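A.B. asks: Dropping a prediction and its sequence here:
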Amino acid sequence: MTAGTTLIHGTTTAGHELAALQREHGGFLLALLLRLCDGDRQRAEDLVQETLVRAWQHPEALHADGFDSVRPWLLTVARRLAIDARRARRARPPEVGDGVPENARVCADHAERAAAVLDVREAVKTLTPEHRDVLVLVYFLGASVTEAAQTLGIPPGTVKSRAYYALRALRRVLPGYAADLR
């Protein structure tokens, strides 16, 4: 064996034969693969290389009936590789970049939310029992003004008034949360 010649499966394939194979058939392979890869040149070039690797791994195809009959075999291998690559891409979710998608929901920090809940609870404890009862029913339990009035045994106007003054008192106690309470 000479330098540049490798023994593969009992057949010799010289490096210059593969280079000649690339020169002679590479353009046709690339043209086919560009169409099959929807114009993605990088992917098409990768598949050309993979096709040539397969030719290197199967030297019997190169030496079957001469150098000219290898093109149909190469084009078939290239087409099958392109189909396999397309199937593989469809089987996995699409890749995303490092950026945050525009429609991604922004989640607040749970520690901040927990601290805010504690602050609000402490502030509600500073209210009078009448104001606290109205806030709990209307804002925390979701009762309507009429339902709160019936539960507390007071007129609906009194529920509205107490809710207003309770929120006003909370705004004074929680100045950092004033925008959230309006």
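C.D. replies: Nice, I can see it. Remember, predicted model here, so these are calculated numbers, not experimental data. Residues are numbered from 1 along each chain as shown.
A.B. asks: can you pull out the helices in this protein?
C.D. replies: For the chain, the helices defined by DSSP state H cover 15-36, 41-57, 59-62, 70-91, 110-125, 129-135, 145-152, 156-173, 178-181.
A.B. asks: Turn the ones you listed into JSON lines, including mean pLDDT and mean neighbour count.
C.D. replies: For glycine as for every other residue, the C-beta is placed from the backbone atoms N, C-alpha and C. Listed next are the helices of the chain as JSON lines, based on pLDDT from 0 to 100; neighbours: other C-beta atoms under 10 Å:
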{"stretch": "helix 15-36", "mean pLDDT": "86", "mean neighbour count": "16"}
{"stretch": "helix 41-57", "mean pLDDT": "90", "mean neighbour count": "17"}
{"stretch": "helix 59-62", "mean pLDDT": "74", "mean neighbour count": "17"}
{"stretch": "helix 70-91", "mean pLDDT": "89", "mean neighbour count": "15"}
{"stretch": "helix 110-125", "mean pLDDT": "82", "mean neighbour count": "12"}
{"stretch": "helix 129-135", "mean pLDDT": "92", "mean neighbour count": "18"}
{"stretch": "helix 145-152", "mean pLDDT": "92", "mean neighbour count": "16"}
{"stretch": "helix 156-173", "mean pLDDT": "91", "mean neighbour count": "16"}
{"stretch": "helix 178-181", "mean pLDDT": "48", "mean neighbour count": "10"}
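A.B. asks: domain assignment for the protein?
C.D. replies: Split into domains by automatic domain parsing, the chain comes to 5-91, 114-181.
A.B. asks: What degree of burial does residue 128 show, as a neighbour count?
C.D. replies: Using other C-beta atoms under 10 Å, residue 128 has 12 neighbouring residues.
A.B. asks: Got the phi and psi for it?
C.D. replies: Main-chain dihedrals, residue 128, degrees, to the nearest 10: phi -70, psi 160.
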